[in-house]
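Participant: any chance you could fold what I've pasted below:
(2 chains)
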Amino acid sequence: MTHWIILPIVLPALLAPFMVLTARHHIGIQRVFSLAGIVGLIALSIGLVWQVSDGSVIYYRLSDWAAPFGIVIVGDRLSTLMVLLTSVLALFVLLYAIGSKWDERGRHFHALFQFQLMGILGAFLTGDLFNLFVFFEVLLIASYGLMIHAGGNARLRAGVQYVLFNLIGSTLFLFALGSIYAETGTLNMADLAQRVTLIGAEETVGIRIAAVLLLLVFAIKAALVPLHFWLPSSYAEAPAPVAALFAIMTKVGAYAIIRVYTMIFPPELEVTSGMHDLWLLPAALVSLAIGMIGVLAARKLDRLVAFSIIGSMGMVMVAISLFTPSSIGAALYYIVHSTLAGAILFLITDLVRTGRGTLDLTAQPPMMGTHMTAGMFFAGAIAMAGLPPLSGFLGKLMVLDAAYSDDLVVWVWAIVLSSSLISVVGFARAGSIVFWKALGTQATVEPATDLSRPSALAYAAIGGLFALLVAHTVFAGTVHSYTTEIAEELFDHESYFSLVLDTPGKLSNPKEAH
Amino acid sequence: MSLLLVVALPFFGALLPGVMNSAGRAACAGVTFTVSLIAFIGLLTNLPTVLAGEVVTARVEWIPALGLNFTLMLDGLGFFFAFLILGIGLLIITYGRHYLSRDDNMGEFFTYLLLFQGAMVGIVLSDNVLLLLVFWELTSLSSFLLIGYWKHLPEGRQGARMALAVTGMGGLAMIGGMLILGQIVGSYDLSVILQNRALIQADPLYVPALILILLGCFTKSAQFPFHFWLPHAMAAPTPVSAYLHSATMVKAGIFLMARMWPVLSGTPEWFVIVTTAGLITMVLGAVIALFKHDLKALLAFSTVSHLGLITMLLGTGTAFGAMAAVFHILNHATFKAALFMSAGIVDHEAHTRDIRRLGGLRRLMPVTFGIATLAALSMAGIPFLNGFLSKEMMLEEATHTMLFGSEWLVPVLATVGSLFSAAYCFRFIGHTFLGPVRDDYPHKPHDPGAGMWVPPAILVTLVVVIGVAPFLVQDFVFLVAKAVIGDVAMLEVKYIKIWHGLVPALYMSIIAVVGGLALMLIYKPLLKVWETTPRPEAKVIFEAIVEAAARMAQSIIHPLHNGSFTRYAMIGLVAMIAAGYHAWTTGTVAEPVRELQAAGAVPIAGWGMLVAATAGLVLLHRNRLLALILIGIVGLMVSIGFVYLSAPDLAMTQFTVEVVTIILLLLALNFLPNQTPVESTVLRRIRDAAVAVAGGLATFALAYHYMLREAVTTPISEFHLANSYKGGGGTNVVNVILVDFRGFDTYGEIIVLGIAALLIYALTESLLNGPVRRRLLNRVPDQPRAGDMHPMMMVVLTRVIMPVVLLVGFYIFLRGHNEPGGGFIAGLIVSIAVVMQYMASGFAWTSARLRYPYHGVIGAGVLVAGFTGIGSWFVAQPFLTSAFTYVRIPPFDKFELATAALFDLGVFLAVVGAVMLSLESFSRLARRADMPDAEFPMDIDPSRSDPPPVQTAELKEGN
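Facilitator: Numbers count the residues shown, from 1 in each chain, chains lettered A, B, ... in the order given. Next comes the predicted model:
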């Protein structure tokens, strides 16, 4: 038995308390440990991706109890891809946090960062719904800690809203889990998928409500309108590297929807039909529209970026809610893109904040390093608005292509394309005010004394993310065929089921039971 | 040279000028020129193949599954455009080197220019419509950067945004159109699409696709009603105007119409839309151009007009029209680029482009005069210059075109357009160069250096050569026209020549030129009429639309996201209830399988208290202390409920958690006002109450439904019950579930607890380091303080009870595996023991006696739990696998040793650390400036001789 698959969870979970225990007052040591941990994570995730790239599934019984009685960790191509994405993102975000000295502005940044990673990675890897709840809790509380890192009134206020709204989500998650357990008597995803098929047509309300409540929980995480309200101010107020890391958090919701609603409640399942297959796509389209309208409406750059995140999640959800292999493949491609682009934009926003002292979209005196920052913003905006040549455009094409055979294709195309236009106008307006109009004002440049200038490391971190985005574009063919394979696998779970449900564990041997 | 290299060179080369910026202007321009030149030569190496009628292709797979591949093809049409783009590009680079001033960032300029060049070459060489879209949008983006190049000019910024919005919109529409085409044909390869004329035109989606693609073409090529952006793009430096906005980029739409001509043209829809738009644009542009005083604006509208002309020719759908269009593209590119460069020279030398401030430059700038005049006359359609030839062909085509059932509509409008066209050309020459020399130029003009006049001179040479000897380019034009037409129609060989005989086109030409001269004679009164006529101003309208859109967006977004959490929660809950209700009503319900149990007196009483406490909480929540007490009642009732439902573990946990939270909340309440202010209106509260009641009823219905029903098969808890002792070594199933069956969940939850404590600490820390610190330190309590802060009775009692409580905690911990208890509860109990010391003797006294920092305790706890889990790896078992054994140490009875206990120790430590760290954080907030830290455990200690200072100040405040 190898333990590699559990390491992405255990490594940060050990590193964080270790830092709390021994290196509480030594930011240097914390940085070294934190970075080393993430480099280790990346190596691990590459190994895991490699291991499952042939379509095999890694399975791990915690405490040696077999599914469904104990908790299992399952690594397939989907979850390992998300793990890799998370750890790579985390590396660059951490580099930025160190380079911009954000990590020094409050306590326990690195420990919370590691805990946050543990929560996210755990959510991607677990094969148990209740365990997913636990990881949601871990990532929620850690993210709250990171969000209010360094304090400040506006940040604390936004933080309260963030945590309260998500606690509503957690409560709903418990409702959903209670309902699911009452209905099926199990919490393991694979087992659940089997038992759900036993439910007859004579009584469907129980499982229907359970499925819908669970979907809403994930929709909150994925910031689907009208459950997105927690996002704009909390992402805008969060410290930049934290907001950048949060780019993956919304994807946790998207991931959970993909996982649960292709495996447990697949579109062809009779008892849960006629619900989310009706309203999820419209809601996603509204999200996309609201997000991009928000980009145009924003009066501050950080809110603009936050709304663009809602918009891009809307795009992801549009693709997901079509629930076909090609659309899920497109969604996965777009998820990678949107994570990188969102992180990039938040980090650039921080550069603007540092240089200008304010993020208001009004003419201000020019700031230091305008050229570099403006160039990066331009590229980031292109990515987010989905213009060529970056991967946003390719992702958009994939989604449009996948939607072609859907009944609502006209709506999808019209909203996807027109929301792109709105976001282009919004980004152009904002960029022109922030970077160009500055040069027109005659005001004298006040040296920003109290604002420390970001180091070369901070720029390098953003550059690294851009490099990833470019690679995501150049190797789009390979990535896309990989994500499409993943999606096809999601609609054909047999090997996953047989591995998870037929492997014996402590005191149980399913093969004998059959 | 491979086509891939021709396209890629400008992109890679674009890095160079930016990097070499510090090496000087000449180096920047030089490297740009070299890059373009190599690409140009690379293109020319393919000429023989193209001339032989073959198509050069290149292919690299990009996203094969999507049908988006890097496929390039070079036929006559592609070569023609690529030649124009790279050839004129070389001239523009030379010109731009001398045009830009020392203050301009040349590296940036040439980087953008090369990006544009690459994108433009990409468009014309693409053999894949999706790839074409990529390059298409890239030209919009690089044009955005180039128009906004002079960032300090508001016109530049606005022009850039307008161009981006309009062409971007077209580009997005085109995405839709191209995708439809691809879906109809089943391939996105242009060469395949071009073979499927019948299939496409028969498809019901042909018209939507056509409209969407034409939207892209019309916006890019500034066709009515999207013509307005082009004049505002003239805020760009003149080399950009000459290159992008006259010679190349604006021709991209035309190019695409030509490219798609074989499959899209020939239908009534195509004919009506394209010809009409072209005609209107031609006439409108020409009329407006006549009355523009800015040289570049005049040229911009003339460009609009000529683009309209070409569009109209493509719209007719005949082979001759297509050929005329191709020829005019060539001619227009030569004379218009030359004219723009001349205008730039005038601007550069005289420091103004306002035609009203110019005149008489003939003598001062003879070279420029010569170049500009020849180019302008060609544009006016004067014989022996190339403009004449293609204009004749256009008029010829117009006489054969019937639009809206009228024979004369197209010829008349074409003549009117030509007439105005001739007029503005004459005005360009007359008002700029002719007339007397003035003495009020902003700057004394003279001819520029060779670097600026040679490029337009080369173009004008072409104008004359083609004009005099059209047979030189004839074969080439045929080749290109054939590439446009494909095998849809036959191109009748009609030689391009100056004299066709007395055909209608000649008369129309004569009318146009004479009419143009006549218009010049009455220009002044005409201008007055024009200036008094109200006209829509595109820029104002566009800005108003964008502003209105932004305002509308704000009026949607800002009220919706007004920062009110109650509103957010309300919307969220309504959504949840609605979704749940929908799921309920669309599902089926069967009869319940379980009987309703009779409710006894005890449960009803408990239920009544729970409801009463909750209702009381809702009504009285503004009094915070009272609210806390009511919450305590709710918690207690829940604990009793657990006891009643035979879950002693849960009850104990809940109970101890209640105790600890109440203490922590009391500490927190210390900093809050006693009353919560009323923040919402009655109506809003009624609304919220309605939502809350609906949510409560829904929850009730859900619980009721599930409690009367069985799970579909045996729940997994049966396995837990059966195997708890056998596999987990414990008889307390709840504990075995917590530390063994689902120990991983517990591991996650203690981490949550630990994080929460660290979080409270970090929050406190940031408060204490921030501006709140002073407020906290100088806080005046709003309630009287106790005179005896650390009463003796309490101190003594807590000291005495402490070992007892610790022992209870220890006992609970140990028995956990088999009886109700465990690390979590034990941790809470031990915490309570320590908390009591804090309560009795104060924060300073207690923490002075603290040996281990609580951060460390949390860390250690999580680590212990983690390492217990890892421990099982060494016996080749999965994470957290438990093992247990029974040992007997005489004289004791046999007892069990389980690794789960070690894990439980981690839980215990994490809980203690978390509770204590939270308490410590609150206590740190509670310290005040006017209150000395207690030195002794109790204020009044008989064993101490010195009486402690009585805190009189506190007492007075209290009264």
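
Participant: what is the burial count for residue B:822?
Facilitator: Here the number of neighbours of residue B:822 (other C-beta atoms under 10 Å in any protein chain shown) works out to 30. Where C-beta positions appear, they are placed from N, C-alpha and C, glycine not excepted.

Participant: which residue, other than its chain neighbours, is closest to it?
Facilitator: Distances taken as C-beta to C-beta, 6 or more residues apart in numbering or on different chains put residue B:816 closest to residue B:822, at 3.2 Å, once the chain neighbours are dropped.

Participant: report the contact partners of that neighbour.
Facilitator: B:732, B:735, B:739, B:822-823, B:825-826, B:901, B:904 (C-beta atoms under 8 Å, 6 or more residues apart in numbering or on different chains).

Participant: if we go to 10 Å?
Facilitator: Residues near residue B:816 by C-beta atoms under 10 Å, 6 or more residues apart in numbering or on different chains: B:649, B:730, B:732, B:734-736, B:738-739, B:822-826, B:900-901, B:904, B:907-908.

Participant: wait, what's in contact with the closest residue to chain A within the stretch 401-550 of chain B?
Facilitator: Minimum separation of the stretch 401-550 of chain B from chain A (C-beta to the nearest C-beta) falls at residue B:550, amounting to 5.5 Å. Residue B:550 sits next to A:293, A:296-299, A:422, A:425-426, A:429 when contact means C-beta under 10 Å, 6+ apart.

Participant: quick check: closest non-adjacent residue to residue B:826.
Facilitator: That would be residue B:813: by C-beta to C-beta, 6+ apart, it lies 3.6 Å from residue B:826.

Participant: need the per-residue pLDDT for that neighbour.
Facilitator: The score at residue B:813 is 89. That number is its pLDDT.

Participant: was I right about it contacting residue B:906?
Facilitator: No - taking contacts as C-beta atoms under 10 Å, residue B:813 lies outside contact range of residue B:906: 11.8 Å.

Participant: list the residues that contact both of the two?
Facilitator: Shared contacts of residue B:813 and residue B:906 (C-beta under 10 Å, 6+ apart): residue B:823.

Participant: so where's the chain uncertain?
Facilitator: You didn't pick a chain, so chain A it is. A:1, A:366-369, A:438-453, A:511-514 (pLDDT under 70).

Participant: nope, chain B
Facilitator: Chain B contains residues with pLDDT under 70 at B:488-489, B:491-495, B:781-783, B:927-934, B:945-959.

Participant: look up how far chain A lies from the residue nearest to residue B:822.
Facilitator: From residue B:816 across to chain A, the span is 17 Å (C-beta to the nearest C-beta, to the nearest Å).

Participant: now do the helices in the stretch 1-150 of chain A.
Facilitator: Ranges of helices in the stretch 1-150 of chain A, per DSSP state H, counting those that start in this stretch, are A:7-22, A:27-52, A:77-99, A:109-125, A:129-147.

Participant: most tightly packed of these?
Facilitator: By mean neighbour count, with neighbours taken as mean count of other C-beta atoms under 10 Å in any protein chain shown, helix A:109-125 ranks first of those at a mean of 29.

Participant: run through the residues that contact the residue in the stretch 1-150 of chain A that chain B sits nearest to.
Facilitator: Nearest to chain B, among the residues of the stretch 1-150 of chain A, is residue A:21, at 3.2 Å (C-beta to the nearest C-beta). Neighbouring residues of residue A:21 by C-beta under 10 Å, 6+ apart: A:111, B:853, B:855-863.

Participant: if we can go back for a sec, restricted to helices, list the contacts of residue B:816.
Facilitator: Those of those mapping onto helices are B:649, B:734-736, B:823-826, B:900-901, B:904, B:907-908, per DSSP state H.

Participant: return the member of the residues you listed nearest to residue B:792.
Facilitator: Closest approach between the ones in helices among the contacts of residue B:816 and residue B:792, by C-beta to C-beta: residue B:826, at 29.7 Å.

Participant: strands of chain B, residue ranges please.
Facilitator: If DSSP state E is used as the criterion, the strands of chain B fall at B:56-63, B:68-74, B:884-887, B:895-898.

Participant: contacting residues around the third one?
Facilitator: What it means is strand B:884-887. Under C-beta under 10 Å, 6+ apart, the answer for strand B:884-887 is B:727-730, B:740, B:817, B:894-901.

Participant: for that strand, the distance to its chain's centre please.
Facilitator: Centre-to-centre, strand B:884-887 and its host chain are 61 Å apart (C-alpha atoms, centre = their mean, to the nearest Å).

Participant: can you pull the contacts of the residue nearest to residue B:457 when sequence neighbours are not counted?
Facilitator: Leaving out its chain neighbours, the residue that sits closest to residue B:457 by C-beta to C-beta, 6+ apart is residue B:371, at 5.6 Å. By C-beta under 10 Å, 6+ apart, the contact set of residue B:371 is B:338-339, B:341-342, B:345, B:365, B:453-461, B:463.
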